[in-house]
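> Sequence and predicted structure are below.
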Amino acid sequence: MSTDEQGRVAIVLGGSGGIGRAVARELAATGHDLFLIARNQARLEEAAKELRDTARGVRTIAGDLADPEAVREQIESAAAAAGRLDVLVNAWGGIARDHAIRARPASIEDNIRDHLVAPMVAAKSAALSMKRSGGGLIIQLGSIAANEAIGGAASYGAAKAALLSASRSLQREVEKHGVKVTVISPDRVDTPLHGEEHPESSAMLRPEDVAEAVGFVLRLSPTAMVEEVTIRCRGDR
């Protein structure tokens with residue numbers, strides 16, 4: 001993606017949140033037209049207002065990102081409105097905390113839907129559009145929980161591990177069409193969500209750390225492919 005990015009179109013799922021907004025700023029700085037998709041219209045408008053001074057264009061779509069069918073419709077609508085799609089960043093995802101020994105079926109299903117089914121549907125919809133445009137980049141928000149056990153996050157980690165595997169499979173299927181798929185797997189990130197979940201934790205990444213990783217992947221040459229970027233808190237092991 002080291003070629004001129006003027007006129008490129010990017011969708012950010014969860015574009016009103018901490019990570020999503022930081023990613024949107026990164027994409028705005030590289031000249032992308034932006035579509036921000038999230039649940040809360042007021043927060044979307046707040047994010048769009050912040051970005052309009054630097055972005056070529058910012059449009060918002062309010063919708064339920066936990067509903068796979070709604071996600072598909074949102075991405076197809078944005079791509080149709082823009083006439084193309086070059087970048088999809090899925091920066092959304094809540095956590096339904098569960099312990100393996102007492103996990104309730106409902107929380108397991110919530111995590112699988114939010115962190116596997118909806119992201120896979122989003123990636124599929126984006127990949128189909130990118131094939132028609134001659135290529136693109138799909139970035140999924142993973143987690144270090146995909147590669148190591150974290151207490152109290154059994155089905156969340158399982159869903160993220162499955163998403164990593166699914167993303168690698170998708171990459172094999174679409175690379176001949178010029179589409180890249182990367183998973184960025186961060187440690188704890190300093191967002192309101194993790195602040196509530198880990199109030200005692202002082203070692204956290206910034207949302208900008210994730211956004212800068214997106215920028216790194218975006219700037220790679222067309223022949224360079226990164227399947228996963230893992231970002232850890234320094235001194236966390």
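Alright, I've got the coordinates.

> Contact partners for the residue nearest to the spatial centre of the chain?
Geometric centre of the chain, nearest residue: Asn90, 2.0 Å, by Cα atoms, centre = their mean. Contact analysis of Asn90 by Cβ atoms under 8 Å, 6 or more residues apart in numbering lists 13-14, 119, 122-123, 138-141. Bear in mind the C-beta positions are built from the backbone N, C-alpha and C, glycine included.

> Dihedrals phi and psi, the nearest residue to it once chain neighbours are set aside?
Nearest residue to Asn90, sequence neighbours excluded (Cβ to Cβ, 6 or more residues apart in numbering): Leu13, at 4.6 Å. Per-residue torsions, Leu13: phi -80, psi 130 (degrees, to the nearest 10).

> Let's see the pLDDT reported for Leu13.
Leu13 is assigned 98 on the pLDDT scale.

> What residues are recorded as beta-bridge partners of it?
Beta bridges link Leu13 to Ile37, Asn90, judged by DSSP bridges.

> ok, it - contacts?
Taking Cβ under 8 Å, 6+ apart as the criterion, Leu13 is in contact with 20, 37-38, 65, 71, 88-92, 122.

> ok, now how distant is it from Ala78?
Distance, Leu13 to Ala78, by Cβ to Cβ, to the nearest Å: 10 Å.

> what do those two both touch?
Ile37.

> Output the lowest mean pLDDT helix or strand found in the chain.
helix 192-197 (a mean of 57; mean pLDDT, DSSP states H and E).

> For the protein, which segments count as helices?
Counting by DSSP state H, the chain has helices at residues 18-29, 41-51, 68-82, 105-112, 118-133, 154-174, 192-197, 207-218.

> Tell me which of those helices sits most buried.
helix 18-29 (a mean of 25; mean count of other Cβ atoms under 10 Å).

> so it versus helix 41-51, what angle?
Counting by axes from the mean of the first three to the mean of the last three Cα atoms, to 10 degrees, helix 18-29 lies at 40 degrees to helix 41-51.

> could I have helix 18-29 exported to CSV, CA atoms only?
Once non-C-alpha atoms are left out, helix 18-29 reads as follows in CSV (Å, rounded to 0.1, in the frame of the first residue of the first chain):
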residue,chain,number,x,y,z
GLY,A,18,-10.9,4.5,21.5
ILE,A,19,-9.0,2.2,19.2
GLY,A,20,-11.3,2.9,16.2
ARG,A,21,-11.0,6.6,16.5
ALA,A,22,-7.2,6.4,16.7
VAL,A,23,-7.2,4.2,13.6
ALA,A,24,-9.5,6.6,11.8
ARG,A,25,-7.0,9.5,12.6
GLU,A,26,-4.2,7.3,11.1
LEU,A,27,-6.2,6.7,8.0
ALA,A,28,-7.2,10.3,7.6
ALA,A,29,-3.6,11.3,7.8
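
> For that helix, the averaged confidence score.
Averaged across helix 18-29, the pLDDT comes to 96.
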